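Participant: the sequence isn't on hand, but the structure is:
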């Protein structure tokens, strides 16, 4: 090898280095790690699978949807957070929603296609309204209209348009700084107007933050304690259980902060629902 | 306890843990890179590689070895992805598309780990293990080798050589990364991460639907993804995925792994140049900038100033319940202050200023504490620029650690600092100049610009995190960002090695009355100032049009 030109020698050494390191780091290391991990932490290493009546029903780490075939919430179960993973909680297509914090303008149905596009603000408002209706509480939030879209105006010199409310809806406010507020005509271009989200006078929302936002993974197995407590009366009623019993189960399936300060307390939805099914 | 109090304790506990380990680990790495003895495994490795381990190399030979190794790595990683359907454990995955395979190969070899691919639907287990995870190790070892070579430039006198690339590569991998990774992987499995070779298995859920539970050797890859400041996830959702980051304490542990080596290397540097206090000064600069980044990201995210977070009541979009807002923000800061780019929450949905912080952290040059190795060499270049600037101000001879900073040295250091801004700003300009590339933006207005600016900043500074709304798996973005990654990694490395060579050749000048002391708080303050001002002058206009415009609207 010493007789080869030096550039070729370098590349041969490089090729051998990649080969040797690939065998060591790409095969030996993961195989040994797997062997030891399987021996020491068998349950974890295989995905923390949980069973009901001897059959696997999921993983305690991976969230699930508790909805029927039409996507409607099943009232006897605690509901998970909204999910952007595939059609919801699809581990083969994990994803976040990725819309920005000022994404407030919808494309109304009928403007470019039949479906349009909901802005993140309208998604939040619509989810809040739906959760409020399901739990029998107010779904009102700041920056949301009573009909569950983002309360956003496009302001022109002579008028203002409530751009997320398609006609014939009644605008969430009649006037804005002396201008008349009108509903939006799908397809009309309001880009020239000044965008003004209107906070309104809603106070602290009853529906918690995690109930109206999608998680980063789309597989979040948890909900906040507040969201679980909001759902408890409905689940207790549907199942004919005492509220105390359901609240005790929530407490049982709440993970506190590790060491008292790491992260946030969280309720595991699948484990909680499974405990309810087991009675 | 409030989330703010818990989040503060979380950061403090990380600081304490890092303060405890940086010394022993730094001393250990010092011994690894300076001992003349090769252990038995290494001697076998050198024989297999066909290299003479005791032959010292000039900077040119060192650089050529590094480039040859990286070139071969790119070809092998590309090849494995393109042939994965013919290899075992493919899980029935098709060959990875050519432009995504090229982008991913470049991305992992350059320690960027940008995800143009979605792990669970693109990569078989063998590809993950032998193509991606292997590069997680060696690209980090390459970065550390370059940093050590630069330090040798300062510590050696009248030397024509700066070490042996193959020895540095093998030692960094076998003695530092591999043992920590093995132990760390087991800790992560204890925390709930998976480690198996199963494919997808279907379960019937409680409501009678089906769900596909994925398998894979995740923990062994996750640990080196953080430790090597790589960041490419096994899954699309990266460290937000419960199988990659199962609990609140695995989250703490992953941040700890991200910061572990970068914060220990200044100690190694101090020992190698024979003045531990010089290492302390560098560590102090890193610490000040890092703490600033972490605190600001937390403040912006927790205050939640933007329309949607105000409507929601907290900046929870794109974040997991178990991590909450604060520890998500801390993770985001850690991953961008280093060159990691792993995410446990999605930056695209952060508040305007909260989302600007990861961008600013990357624009600082990823020096606080920066990537494994890359952080130390970036910071030393900044120190060189600082002594030069200080020298200009007071008329002192610019010198650092007894080495004169002459015309050649300052040219190399300046060129180092021009590479990233040029790639970022030119790349962003090209993308924004074309309607077709603008169509990849998910968000409109200033936030759309932030997405593109983030992508080019992340690629050029080899970070790999993203404002993930941008659709980047198109041929144009795959090629353009791939070029940014290559140039953003290897041009600076060549310049650093050239600088190492020219410093090593010098004989040290004795310290005199005209020497600027480089271990005092004054110097620490100067370096922090130079770092911030360099970034502010370079990137402020672009930031003003993106996140700042969005945040002030």
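Facilitator: Happy to help now that I have it. Everything numeric in this text was worked out from a predicted model, so none of it was measured.

Participant: smallest gap between the stretch 201-350 of chain B and chain A, at which residue?
Facilitator: Nearest residue of the stretch 201-350 of chain B to chain A (C-beta to the nearest C-beta) works out as residue B:248 at 2.8 Å. In this view, the C-beta of every residue, glycine as well, is placed from N, C-alpha and C.

Participant: please report the number of neighbouring residues for the nearest residue to that residue once chain neighbours are set aside.
Facilitator: Of all residues not flanking residue B:248 in the chain, residue A:263 sits nearest, at 2.8 Å (C-beta to C-beta, 6 or more residues apart in numbering or on different chains). Residue A:263 has 28 neighbouring residues, counting by other C-beta atoms under 10 Å in any protein chain shown.

Participant: hmm, residue A:263 is touching residue B:323, no?
Facilitator: Yes: between residue A:263 and residue B:323 a contact is recorded at 5.4 Å, counting by C-beta atoms under 8 Å.

Participant: who touches both of the two?
Facilitator: Taking C-beta atoms under 8 Å, 6 or more residues apart in numbering or on different chains as the contact rule, residue A:263 and residue B:323 both touch B:248, B:251.

Participant: which neighbours in the sheet does the lengthiest strand in chain A have, and how are they oriented?
Facilitator: When chain A is parsed with DSSP state E, its longest strand is strand A:159-166. Its sheet considered, strand A:159-166 pairs with strand A:152-155 (antiparallel), strand A:179-184 (parallel) by DSSP bridges.

Participant: next secondary structure after that strand?
Facilitator: Next in sequence after strand A:159-166, counting helices and strands by DSSP states H and E, comes strand A:175-176.

Participant: tell me the secondary structure at the residue most central in space within chain A.
Facilitator: Nearest to the mean C-alpha position of chain A, by C-alpha atoms, centre = their mean, lies residue A:214 at 1.8 Å. On the three-state scheme (DSSP: H, G, I helix; E, B strand; the rest coil), residue A:214 is labelled coil.

Participant: in which helix or strand does the residue in the stretch 451-553 of chain B positioned nearest to chain A reside?
Facilitator: Nearest residue of the stretch 451-553 of chain B to chain A, counting by C-beta to the nearest C-beta: residue B:469, 3.6 Å away. Assigned by DSSP H and E, residue B:469 belongs to no helix or strand.

Participant: how confident was the prediction at it?
Facilitator: The model reports residue B:469 with a pLDDT of 90.

Participant: repeat for residue A:218
Facilitator: 97.

Participant: find the closest residue to chain B in chain A.
Facilitator: residue A:263 (2.8 Å).

Participant: quick one: least confident helix or strand in chain A?
Facilitator: Lowest by mean pLDDT, DSSP states H and E among the helices and strands of chain A is helix A:6-21, with a mean of 92.

Participant: so which bits of the following helix or strand past it are buried?
Facilitator: Later in the chain than helix A:6-21, the nearest helix or strand by DSSP H and E is helix A:29-40. Under the neighbour-count criterion of 16 or more other C-beta atoms under 10 Å in any protein chain shown, helix A:29-40 has A:29-30, A:33-34, A:36-38 buried.

Participant: near chain B, from the residues you listed?
Facilitator: A:29-30, A:33-34, A:36-38 (C-beta under 8 Å from any C-beta of the partner chain).

Participant: next, the residue nearest to the centre of chain A: phi, psi?
Facilitator: Per-residue torsions, residue A:214: phi -80, psi 150 (degrees, to the nearest 10).

Participant: quick one: contacts for it?
Facilitator: A:81-84, A:96-97, B:317-318.

Participant: mind jotting down where the strands sit in chain A?
Facilitator: Using DSSP E, the strands found in chain A span residues A:49-52, A:55-59, A:152-155, A:159-166, A:175-176, A:179-184, A:194-197, A:222-223, A:254-255, A:266-268.

Participant: hey, which of those is tucked in deepest?
Facilitator: Mean neighbour count (mean count of other C-beta atoms under 10 Å in any protein chain shown) peaks for strand A:222-223 among the strands of chain A, with a mean of 28.

Participant: is stretch B:214-221 anywhere near chain A?
Facilitator: Yes: Stretch B:214-221 is in contact with chain A by C-beta under 8 Å from any C-beta, via B:214-215, B:217, B:219-221.

Participant: hang on, the earlier thing: tell me the pLDDT of the residue nearest to the centre of chain A.
Facilitator: pLDDT at residue A:214 comes out at 97.

Participant: for the contacts of residue A:214, could you give me a markdown table that also reports neighbour count?
Facilitator: Shown next, in a markdown table, are the contacts of residue A:214 (neighbours: other C-beta atoms under 10 Å in any protein chain shown):
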| residue | neighbour count |
| --- | --- |
| A:81 | 28 |
| A:82 | 23 |
| A:83 | 23 |
| A:84 | 24 |
| A:96 | 29 |
| A:97 | 24 |
| B:317 | 33 |
| B:318 | 28 |
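
Participant: from those, which is closest to residue B:138?
Facilitator: Nearest to residue B:138 among those, counting by C-beta to C-beta, is residue A:96 at 30.3 Å.

Participant: and chain A, what are its domains?
Facilitator: When chain A is parsed with automatic domain parsing, its domains come out as A:9-45, A:49-97+A:218-279, A:98-213.
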